[in-house]
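In: quick one, structure for this:
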Amino acid sequence: MAKKVRKRGEIKRKLLHKYRLVILNESTFEEKISFKLSRLNVFVTGSLCIIGLIGLTTLLIAFTPLREYIPGYSSTKLKKQATELTYKTDSLVRTLNYTNRYLDNVRMVLRGDIENNEINRDSLFERFKLDPSTVDLTPIKEDSLLRAEVALEDKYNLFERNVNSTILVFFPPLSGTISQAYDAEKKHYAVDVVAPRETPIKAVADGTVIFAEWTADTGHVIIIEHKDGLLSVYKHNGSLNKSQGDIVTSGEVIASVGNTGELTTGPHLHFELWNNGTPVNPTDYIDFK
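Out: The predicted structure follows:
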């Protein structure tokens with residue numbers, strides 16, 4: 001027991017034993033600075049310095065941009081930028097897919113092809129068509145009263161207009177003789193209108209020019225996009241008056257009659273009309289005489 005007490009006292013004495021740290025001038029041995037230290041003071045001071053350095057380093061990493069240089073650590077700003085870039089990339093992919101489909105439709109119009117996988121609209125209508133025999137069509141009293149009230153109001157309505165706003169009125173692109181009519185069986189999805197060279201060709205309706213270039217087969221070609229998914233195509237032109245992206249109005253001159261391209265036999269206009277990717281007979285909507 002006495003040995004343990006003696007040992008503890010010796011340890012305590014060594015920890016508290018004073019030492020003198022002196023800084024001397026090497027040439028004159030003049031004392032410049034001196035410190036009184038003990039082992040305990042050195043241990044406590046060193047521990048506090050280490051703890052301070054750790055705390056300062058932690059603060060620098062947590063509240064300064066230095067944390068971004070630590071491998072595996074990502075800041076909130078970087079996460080936000082990554083999320084925004086992900087959304088932008090997704091939007092760009094969707095836009096690119098839409099643009100590719102749009103360009104495929106334009107190429108299809110230029111080649112005069114029809115999509116093989118067409119949806120049979122008649123079969124869709126047949127599928128969802130209701131059987132009238134299963135529906136009770138007997139008018140109720142409230143319905144009869146409402147019909148009578150509406151009929152009375154319409155009788156004295158001076159501003160009533162019976163106009164179907166969904167019907168487009170097309171302006172004739174050219175007046176002339178049709179040398180070859182529309183024939184879907186022979187894959188001639190257009191009408192060929194013969195006219196003298198340099199005769200002005202006009203836009204059939206308001207729209208935007210989406211293609212105005214030269215092609216080897218059909219010469220100078222211009223395609224105009226109208227509302228409701230309609231496209232008008234003008235081929236074998238002698239010259240073009242409009243460029244891609246131009247906005248045109250109905251009846252505005254867009255080109256002139258010519259004989260350009262390999263697939264032509266004389267000055268004429270090869271005119272096509274497409275509705276949502278399907279060619280339609282232009283003579284059903286336009287009088288070329």
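
In: and Ile222, what does it touch?
Out: Val209, Phe211, Ala212, Val233, Tyr234, Asn237, Leu240, Lys242, Ile254, Ala255 (C-beta atoms under 8 Å, 6 or more residues apart in numbering). For every residue, glycine as well, the C-beta is placed using N, CA and C.

In: by contact count, what packs against the longest helix that the chain contains?
Out: In terms of residue count, the longest helix belonging to the chain (DSSP state H) is helix 76-111. Other elements packing on helix 76-111 under the criterion 3 or more C-beta pairs under 8 Å, 6 or more residues apart in numbering; DSSP states H and E are strand 207-215, strand 219-225, strand 230-240.

In: just for the chain, where's the confidence low?
Out: Applying pLDDT under 70 to the chain flags residues 1-5, 66-76, 112-137, 139, 150-168.

In: need the helices and strands packed on helix 76-111 in CSV with distance to Met108, can you?
Out: As requested, these are exported to CSV (distance: least, C-beta to C-beta, whole Å):
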stretch, distance to Met108
strand 207-215, 12
strand 219-225, 11
strand 230-240, 10
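
In: next, count neighbours for the closest residue to Gly219 other than its chain neighbours.
Out: With sequence-adjacent residues excluded and distances taken as C-beta to C-beta, 6 or more residues apart in numbering, Gly219 is closest to Thr260, at 2.5 Å. Neighbour count for Thr260, taken as other C-beta atoms under 10 Å: 18.

In: check the secondary structure at Thr260 for me.
Out: Assigned by DSSP: H, G, I helix; E, B strand; the rest coil, the conformation of Thr260 is coil.

In: what sits against it?
Out: Thr260 touches Trp214, Thr218, Gly219, His220, His236, Asn237, Gly238, counting by C-beta under 8 Å, 6+ apart.

In: how about the fifth one, what does it touch?
Out: Just to be clear, that refers to His236. By C-beta under 8 Å, 6+ apart, the residues touching His236 are Thr218, Gly219, His220, Gly258, Asn259, Thr260, Gly261, Leu263, Thr264, His268, Leu269, His270.

In: now swap in the fourth one and tell me
Out: If you count contacts by C-beta under 8 Å, 6+ apart, His220 has them with Glu213, Trp214, Lys235, His236, Asn237, Gly238, Ser239, Leu240, Ala255, Gly258, Thr260, Gly261.

In: out of the residues you listed, which is nearest to Leu85?
Out: Minimum distance to Leu85 across those is 34.8 Å, recorded for Glu213 (C-beta to C-beta).

In: now the closest residue to the closest one other than its chain neighbours: how far from Thr57?
Out: Nearest-residue entry for Glu213: Val221, 6.3 Å, with adjacent residues in sequence omitted and distances by C-beta to C-beta, 6+ apart. Separation of Val221 from Thr57 (C-beta to C-beta, to the nearest Å): 69 Å.

In: neighbour count for these two, which is higher?
Out: Val221 (23 against 11).

In: I'd guessed that one sits against Asn237; true?
Out: Yes: counting by C-beta atoms under 8 Å, Asn237 is a contact partner of Val221 at 7.2 Å.

In: Val204: how many residues sit nearby?
Out: Residues lying near Val204 (other C-beta under 10 Å) number 27.

In: for Pro172, phi and psi?
Out: phi -60, psi 130 (degrees, to the nearest 10).

In: let me know the distance separating Asp183 from Asp192.
Out: Distance of Asp183 to Asp192, given as C-beta to C-beta: 11 Å.

In: neighbour-wise, which of the two wins?
Out: For the pair Asp183 and Asp192, the greater number of neighbours falls to Asp192 (21 against 12), based on other C-beta under 10 Å.

In: element containing the more buried one, please.
Out: strand 191-194 (DSSP states H and E).

In: show me the contact partners of that strand.
Out: Contacts of strand 191-194 (C-beta under 8 Å, 6+ apart): 173-174, 176-182, 266-271, 281-283, 288.

In: now list the buried members of those.
Out: Among the contacts of strand 191-194, those buried by neighbour count (16 or more other C-beta atoms under 10 Å) are Pro173, Leu174, Gly176, Ile178, Tyr182, Pro267, His268, Leu269, His270, Phe271, Pro282, Phe288.

In: among those, which are in strands?
Out: If you go by DSSP state E, those have Ile178, His268, Leu269, His270, Phe271 in strands.
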